[in-house]
Each structure stands twice: as structure tokens, then as C-alpha cells.
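K.L.:
quick check, what structure comes out for this input:
(chains A and B)
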Number of protein chains: 2
Amino acid sequence: MGKAGLPVSPLAPTSFPDLPVIEGVEFASGAAGVKYQGRTDVTLIRIAEGSSIAGAFTKSSTRAACILDNQDKLARGKDDKAGAAIIVNSGNANAFTGARGRESVTAVTGAVAQALDLPEGRVYSSSTGVIGEPLPHARIIAIIGDLATGLDQGGAADAARAIMTTDTFPKGASATIAADGGDIHIAGIAKGSGMIAPDMATMLVYIFTDARIAPTLLQQALDRGLSSTFNAITVDSDTSTSDALILAATGRSPAAEITDLASADGQAFVTALHGVMRDLAQLVVRDGEGATKFVEIQVTGAASDGDAHRVAMSIANSPLVKTAIAGEDANWGRIVAAVGKSGAKADRDLLTIRFGDMVVAENGWRAPDYDEDKTSAYMKNSELVIGVDLGLGQGARTVWTCDLTHGYIDINADYRS
Amino acid sequence: MGKAGLPVSPLAPTSFPDLPVIEGVEFASGAAGVKYQGRTDVTLIRIAEGSSIAGAFTKSSTRAACILDNQDKLARGKDDKAGAAIIVNSGNANAFTGARGRESVTAVTGAVAQALDLPEGRVYSSSTGVIGEPLPHARIIAIIGDLATGLDQGGAADAARAIMTTDTFPKGASATIAADGGDIHIAGIAKGSGMIAPDMATMLVYIFTDARIAPTLLQQALDRGLSSTFNAITVDSDTSTSDALILAATGRSPAAEITDLASADGQAFVTALHGVMRDLAQLVVRDGEGATKFVEIQVTGAASDGDAHRVAMSIANSPLVKTAIAGEDANWGRIVAAVGKSGAKADRDLLTIRFGDMVVAENGWRAPDYDEDKTSAYMKNSELVIGVDLGLGQGARTVWTCDLTHGYIDINADYRS
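P.N.:
Numbering: from 1, shown residues only, chains lettered A, B, ... in the order given. Model (predicted):
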């Protein structure tokens, strides 16, 4: 069972991966009783002096107090290499809580700064859970002392569990690159399963690496990967007030410093980082609320990449497409309608639609060798690929989504998240 | 039971209204077996010589063959006052059916033109139902002769029934204005319950009036009402390939011709017409697939009307807001999130949110006298008003939507519409 008493998603991996230790990063998780009882709900992460930090956050105009605080601190401390920390709680988003929300952020990050002897400007925070209720921050502060003494390099799996809300499984991903001078490791954890239509980042994601790389370059490496990873997933078209991704590079790898993303090691690092980001993003979709199908939507032949994104997201967010997939119905007509409403340039008579390897529609009509039985059999798979070629240009984008089921209604009509 | 075997929406009116006869308009409905068996599925409407015709259609880039044909005919025949006809079938949308789709439209409208001795350029058509399957147009043509001999001024109620697909009740609305020289009557019918996020019009709407008014002026009167009626509703954010509204004015009223929309009679006519349009639009929402709540969303204080529309639609289309409403949960935090993702100018700390008359949030936080019990009791009503004031300017917009329930999943995961 997941944390909210929900059964584990049928699309979950069989186990949490064995994440490599990242030298310079330690975790501690504890139970503060923010909202949930009998489970961990706070994670403290200490990042060693000399680390570079980068971040990406929701563009929502109603973003939470901690998001504004993180953005402010990252902007002010661009080249800061002091030690740093991240404090995360689940159970309460501290969003839309007015002046009191800001006070809570100051209180919690101040307590962490004091406990770990860090400048407060290097303490980042995240809160996830219900919106609009005051954060009982005293409960969090009460356990910071214990967390500070329990910090452990091997605590990432526990942290992935403590940050869950309606998630049904903890999410982690990693990569290791053989670079000039030694290996570089990357390890990340994430949470998220509803209110997922990220706008610059997804719910909560923390990625760590021992690479030696300057903050500006680290931010560039991160930014380049967003459109094809976290901004390429959607569960329900709803964007969170609290989406945050924080990436820290400790520089503890024996590998040479990365000073150019176009160098051989730079390219290998960017590719591996984006791979970890894509893995985490896909795990969020695999834990989509009520999901029973993992769906990759490949759009090609668009007038531009932007148009391809619009078409792909229009399909991925269409309730009619998502319910048809839930019903294992090869209803490609609903895909045509989703292309039509997307706002992207499209010509009905140039559209080609594929389910897996099967062409189901082309030249503005059902494909001549369309086989309803074969297509229906394909729809029974739990992993589906839908291909749409617009026949107009070179624009392309792949996004990932899940189906829309009774489980989504159950979770969201009955659970105040 | 509705046509697809669904129970009638709990939000349905108790009966179909008594529509006034519009002189110069006759209806006939019959069973062609396009897809459904044992029910009427084709309607023929004859409009007398001397009538003005106006229309509004989906902006989808994958619009159906009949939509393109109607748009072409209306553009060519702007000042045409020849007799006219509309032929409508349910059960098959003839959308994304390539060259064969165009052939079907030509065949059906040609047969109607011949049967009623009309120019083919004045025969409009609509098809609604499944996308991507060839229209068995011979079945429609086979009953046109019978329909032509059965035309009747009182057939509007039967027509409203014949054009239904997943609709659970027939939809009609009317108005009568006392104008200079005599009464002017307006009567309309509509269908629609899913794939409802209209872009210029809703599913299928036919409105008739005996007003005497030139085609250009009639089109202006229609266009002015779209943004506050059919473009102000959404069931599921999906836009149809086949949305169409056709408005015909027969000029048979003894009232003087309307030559200026700003005159007293012109204003009365526009107001009454928009009232009928709003009534029909709201009936479509009341028949939203799986709907149990009818929700009015009033957005005020936006920087512009456009921004107000964006915010209102962002709330109305949010699956999280819609499932909270289904669960009778006063989860206003999800409304904050929907405002934040809308893309409209918004300041978290200036937001005010009302449920009915109760202020639930203001000044960036829960209202001081927020009462969870009272708010929860309010959510049990089947008709809800959600008010959002952005505190920024004069922009305002009201839209209507419904909740997202298990019924929506049932209908759309299991029924190929």
C-alpha cells in the first residue's frame, strides 16, 4: 500500500533502485506528524561546502512561499559555494497561506541553518500536500535536532519515501559516467502523482551528483533537459503551486572539472543527467493517480517543435483520449479531435496516426489495412505508444502520460490533497 | 433513459419546453438506422424563401466535411434569400473520412435539394457521432422522400430528440418579444453532452426566428452573443470537430424589419436571442456526461475580459476542481492552483474566493470567518456558484461547467462516441 492507503500503481517498478552514494550529500528522515500519523514526513538533506546548486520551479502565479524563497536565494547566491541544506515536508503545501506562510519558511529554514551551522541563504525548503492550511512548522522544527544528528549518506531511499503524498511508490533514478580522471555519479529522487502538468519542473525532485562543475554551467545543463523530461509529462493537466527541482553538484568525484558542456565529458554528463531526469519524470507518470496504462505520445512532422509540443500535450491531456485508453478502446477519432483543438498548424488530410507499429489512419482517413481486432488487442498492453505525424515539417516532441480511470475520481473526489 | 441507454441527467429540466411555432420553418424526423436501431436519427428542416441564414462553427483544424461545406455555402451566399434546408444525422460524425466524407455531404445535400426543389448551395448539413467511420449516406438518402412529405411546423421537439447522441434529454429554448408591429418569436434546439469546449459554437444548435432582418445583421447579432453563451461553457475541455450553430430568420413576423441592432427592437431582439443561446448552452452543461452538479463560475476583477475568460476556463476545466466538486469537498486550494496555471495576470495575495455567498479565502489566505461545516453543507447543492475576484481590474466573465464523476469515465471508457 502507498502512503495514503492506496494500492501500489500497477505501473510501478518492482523495487526502489540501488542508488549510488554521492560524496558530500547526506539524508535524514523523520516523523513530525505534520498531517499524517505513523509515517515519516520530513527529510533533511545536507550538501557539503564547495557544492554548486541549480534549480527549476513552477511558473504558477500562485506559487507557494517556499518556492518564492528558493528562487530568491538561488538568484542571490549564484556563485555561492558554502555548505547547503534542503528541508522537505509532506502533508501540507504551505501554499496560499499569506504572510503566515512566509513566516513558516523563515522559521524552518532558520532552524536548519542554526542546527547545521549554515548561512540561512543556503537553506532551501519544499512543502507538499494540502493547499491553504497553515503549516504547523513548530512540529517540523521540533525534530530538526534529531535529524541533524542522524544524517547518513545512504538515506536517499528513506527520503524518497518521506516526501510522498498520494504517491503509491518511492521514486529514484541514477547514472554513472566514466569521465576523465574517474567516475561521476548522479542520483535523484522525486515525488508526484497528481496535479501533474509541470511548468518548468515537476512536483518535487532532488538530484545530486559528485561532478565538479560551476553553478552557472550546472544550471545550463539542467535547463536544457527540462523540455524533454519534466515538461514532457502530464497526468491531469493541473499545474502545482509547489513544483520544484533542486540539483546539487558536490565536486567530490575524482573526475576533472567540467568546464564546457560541449566537451566529451560535458556531453556525457548532460546526457546522463537528462537520462536521470527523464527516468524520474516517467516514474511520476507511472504513479499517475488511478493510472493503469503508461502512454508515450510521439508527435513528428510538425511545423515547429513548439507546435509538436502543443499537439502532444493536447492529446495527452484530452479526457476523451485518456478515458478511451482506460477502456482499451482504439478510438483514434478522439486523437484527431485533440489534434484539431490544439491550436497548432495541422492539415486533416496529411495526418498519420499509429498505435504501436500499426498505422490506423492516414491521408485524412482510416488506413486501408486497418485491423480493428489487431488494434484492440494492442490496446490491452499496459504500455502504449501513440504516434502522430502531421506531415508538415521537422518539428517533433515526445511526451508521456497515463489513462484517466475510476481510480482518479476515487482519489480526487474523496481525498483532500 | 437517454438515447444511449444512459439514465437521464439529474440536472435535466422536468420537461421539454413548449416551443412557439416559427412561421416558415418545418421539421421532419425519421429512423434511417445510421448507427442506432429503433430510434429516430435524421432530421430535415425546411426554411421558407426570403429567410436570412447565419452560422457559427468550430475552429478545430480537423473539422468535419459538413462544416467545411456549410462555411463555404454561407460565405458564397451571403445575401441569398432562396428557400433553404438543414439535414442532420446522429450516430456518425462523417469527420476524418477523407474524400469519401466530402462525397457523402454532396450526395446527401444534393438529394435534399432535389426533393425540396432548392438550390444545393442553400442546403446545410450536420453529422454527429463517431469520428472516422464512413457515413452510410445511402441510408439517409433513402428516407429523404418520406421526410419531405412529412414536414410539419410543430416538429421541433421530435427534431431535438433525433439529433441526440450521448445526450440524456432533448434540449430546447425560446423567447418572444413584443416588437413594433407585432411579436417576434425565437425557438432553438441543441444537442451536446461530451467533447464540449466549444470554439465559436457548441455541438449542434439550430435557432429559428420569424424576425425580419438582413443576413449580415443577423450574423452580427449571433456573433456578439457567442463569447457569453456557447463559448462560455465546458464539460471536458475537448473541442468537437463538428460544432455548428445555424440561425435562420424567416421574416414572417408582422413586426417591422430590424435594420439597426441599436434600435429598441434591435436591442430587444439581440437580448432575447442571446437569452435563448445562453439557455441552450446551459442545457448542454446540464447534460454533461456523468454530471451531478451544475456550476457557475464568476470571475471578476481581472486585468481584462480575456484574462477573466482564461481564469474561468482554467477553473472550469481543472480535473482536480471538478472531482472535488463531485466529492462535495470545498477544496478551494485547487481553485487557487487553477488560477495560478491559467496564464492570466494574478496576484496570490489579492485573490478572493467565494462559494455561493460565503467568502472562503481572501488576502492570500483562508478567510478569517471561514466555516468548514457551512461550506461543506453548501457543496451538497446540485447548483453551485463559485466566485473568484482577482482584485486587479474590471475584466469579468461567467462560465458554466459540471463536475467530473465516475459517470464520465463509465460513458467514455465504454462507449465509442
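
K.L.:
helix/strand/coil for the nearest residue to A:His137 once chain neighbours are set aside?
P.N.:
Spatial nearest neighbour of A:His137, excluding adjacent residues (Cβ to Cβ, 6 or more residues apart in numbering or on different chains): A:Ser104 at 4.2 Å. Glycine gets a C-beta too; all of them are placed from N, C-alpha and C. Secondary structure assignment for A:Ser104 (DSSP: H, G, I helix; E, B strand; the rest coil): helix.

K.L.:
return the residues of the stretch 101-250 of chain A in contact with chain B.
P.N.:
Within reach of chain B by Cβ under 8 Å from any Cβ of the partner chain, the stretch 101-250 of chain A has these residues: A:101, A:130-133, A:194-195, A:197, A:199, A:236-241.

K.L.:
filter those residues down to the buried ones and hand me the PyMOL line.
P.N.:
A single PyMOL command selects the buried members of those (16 or more other Cβ atoms under 10 Å in any protein chain shown):
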select buried, chain A and resi 101+130+131+132+133+194+195+197+199+236+237+238+239+240+241
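
K.L.:
B:Gly154: which of the residues of the stretch 101-250 of chain A next to chain B is nearest?
P.N.:
A:Ser237 (44.8 Å; Cβ to Cβ).

K.L.:
what's A:Gly50 in contact with, if anything?
P.N.:
Neighbour list for A:Gly50: A:Gly24, A:Lys81, A:Thr250, A:Gly251 [criterion: Cβ atoms under 8 Å, 6 or more residues apart in numbering or on different chains].

K.L.:
10 Å - rerun?
P.N.:
Counting by Cβ atoms under 10 Å, 6 or more residues apart in numbering or on different chains, A:Gly50 touches A:Gly24, A:Lys81, A:Ala82, A:Gly83, A:Arg212, A:Ala249, A:Thr250, A:Gly251, A:Arg252.

K.L.:
over to A:Pro10?
P.N.:
Contact partners of A:Pro10, counting by Cβ under 10 Å, 6+ apart, are A:Thr168, A:Arg286, A:Ala291, A:Thr292, A:Lys293, A:Phe294, A:Ser382, A:Gly407.

K.L.:
tell me which of those residues fall in helices.
P.N.:
A:Arg286, A:Gly407 (DSSP state H).

K.L.:
just the buried subset of the contacts of A:Pro10, please.
P.N.:
Buried subset of these (neighbour count, 16+ other Cβ under 10 Å): A:Thr168, A:Arg286, A:Ala291, A:Thr292, A:Lys293, A:Phe294, A:Gly407.

K.L.:
could you find the closest non-adjacent residue to the residue of the stretch 101-250 of chain A found nearest chain B?
P.N.:
Nearest residue of the stretch 101-250 of chain A to chain B: A:Ile131, at 2.7 Å (Cβ to the nearest Cβ). Nearest-residue entry for A:Ile131: B:Gly333, 2.7 Å, with adjacent residues in sequence omitted and distances by Cβ to Cβ, 6+ apart.

K.L.:
the one you found touches A:Glu133, doesn't it?
P.N.:
Yes: look at B:Gly333 against A:Glu133 with Cβ atoms under 10 Å: they come within range, at 8.0 Å.

K.L.:
need the residues touching each of the two.
P.N.:
The contact lists of B:Gly333 and A:Glu133 share A:Ala93, A:Ala95, A:Phe96, A:Thr97, A:Arg416, B:Arg366, where a contact means Cβ under 10 Å, 6+ apart.

K.L.:
how many other residues sit next to A:Gly188?
P.N.:
27 (other Cβ atoms under 10 Å in any protein chain shown).

K.L.:
to clarify, my last question referred to A:Ala413.
P.N.:
21.

K.L.:
can you map out the strands along the stretch 201-350 of chain A?
P.N.:
When secondary structure is read from DSSP state E, counting those that start in this stretch, the stretch 201-350 of chain A shows strands at A:204-209, A:233-234, A:244-249, A:294-302.

K.L.:
export those to TSV and tack on mean pLDDT?
P.N.:
Putting these into TSV (pLDDT from 0 to 100) gives the following:
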stretch	mean pLDDT
strand A:204-209	86
strand A:233-234	76
strand A:244-249	87
strand A:294-302	96
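
K.L.:
picking up where we left off before, and the residue nearest to A:Ile131, how many neighbours does it have?
P.N.:
Neighbour tally, B:Gly333, other Cβ under 10 Å: 27.

K.L.:
quick check, pLDDT for it.
P.N.:
Per-residue pLDDT puts B:Gly333 at 87.

K.L.:
go on, the one 4 residues further on?
P.N.:
Note on B:Ala337: pLDDT of 88.

K.L.:
look up how far B:Asp307 lies from it.
P.N.:
Counting by Cβ to Cβ, to the nearest Å, the gap from B:Ala337 to B:Asp307 is 17 Å.

K.L.:
who has more neighbours, the two?
P.N.:
Between B:Ala337 and B:Asp307, counted using other Cβ under 10 Å, the more crowded position is B:Ala337 (31 against 23).

K.L.:
check contacts around the closest residue in space to that one that isn't next to it in sequence.
P.N.:
Setting aside the residues directly before and after it, B:Ala337 is nearest to A:Thr241 in space (Cβ to Cβ, 6+ apart), at 5.3 Å. When the contact criterion is Cβ under 10 Å, 6+ apart, the partners of A:Thr241 are A:58, A:60-65, A:67, A:93-96, A:127-128, A:131-132, A:195, B:333-334, B:336-337, B:339-341, B:348.

K.L.:
pLDDT below threshold where in the stretch 301-417 of chain A?
P.N.:
A:415-417 (pLDDT under 70).

K.L.:
tell me where it has helices.
P.N.:
Secondary structure of the stretch 301-417 of chain A by DSSP state H, counting those that start in this stretch: the helices cover A:305-317, A:319-326, A:333-341, A:372-379, A:406-414.

K.L.:
residues contacting A:Gly356?
P.N.:
Each residue near A:Gly356 by Cβ under 10 Å, 6+ apart is listed here: A:Lys374, A:Thr375, A:Tyr378, A:Met379, A:Asn381, A:Glu383, A:Leu384, A:Val385, A:Ile386, A:Gly387.

K.L.:
swap the cut-off to 7 Å and go again
P.N.:
Listed by Cβ atoms under 7 Å, 6 or more residues apart in numbering or on different chains, the contact set of A:Gly356 reads A:Tyr378, A:Val385.

K.L.:
for it, give its distance to chain B.
P.N.:
Distance, A:Gly356 to chain B, using Cβ to the nearest Cβ, to the nearest Å: 18 Å.

K.L.:
next, that residue: phi, psi?
P.N.:
Main-chain dihedrals, A:Gly356, degrees, to the nearest 10: phi 60, psi -130.

K.L.:
how is chain A divided into domains?
P.N.:
A:25-284, A:294-414 (automatic domain parsing).

K.L.:
how far does the shortest one sit from its chain's centre?
P.N.:
The gap between the average C-alpha position of domain A:294-414 and the chain average comes to 22 Å, counting by Cα atoms, centre = their mean, to the nearest Å.

K.L.:
same question, the longest one
P.N.:
Relative to the mean C-alpha coordinate of its chain, domain A:25-284 is positioned 11 Å out (Cα atoms, centre = their mean).

K.L.:
ok, back up a step: tell me the one of the residues of the stretch 101-250 of chain A next to chain B nearest B:Gln71?
P.N.:
Nearest to B:Gln71 out of these is A:Ser237 (Cβ to Cβ; 30.0 Å).

K.L.:
the closest one contacts A:Pro319, doesn't it?
P.N.:
No: here A:Ser237 does not reach A:Pro319: they are 8.8 Å apart, not a contact under Cβ atoms under 7 Å.

K.L.:
tell me who's in contact with A:Asp158.
P.N.:
Applying Cβ under 7 Å, 6+ apart, the residues contacting A:Asp158 are A:Phe27, A:Ser29, A:Thr40.

K.L.:
dump the residues you listed to JSON lines, plus neighbour count and pLDDT.
P.N.:
Converted to JSON lines, the contacts of A:Asp158 look like this (neighbours: other Cβ atoms under 10 Å in any protein chain shown; pLDDT from 0 to 100):
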{"residue": "A:Phe27", "neighbour count": "25", "pLDDT": "96"}
{"residue": "A:Ser29", "neighbour count": "25", "pLDDT": "97"}
{"residue": "A:Thr40", "neighbour count": "19", "pLDDT": "94"}
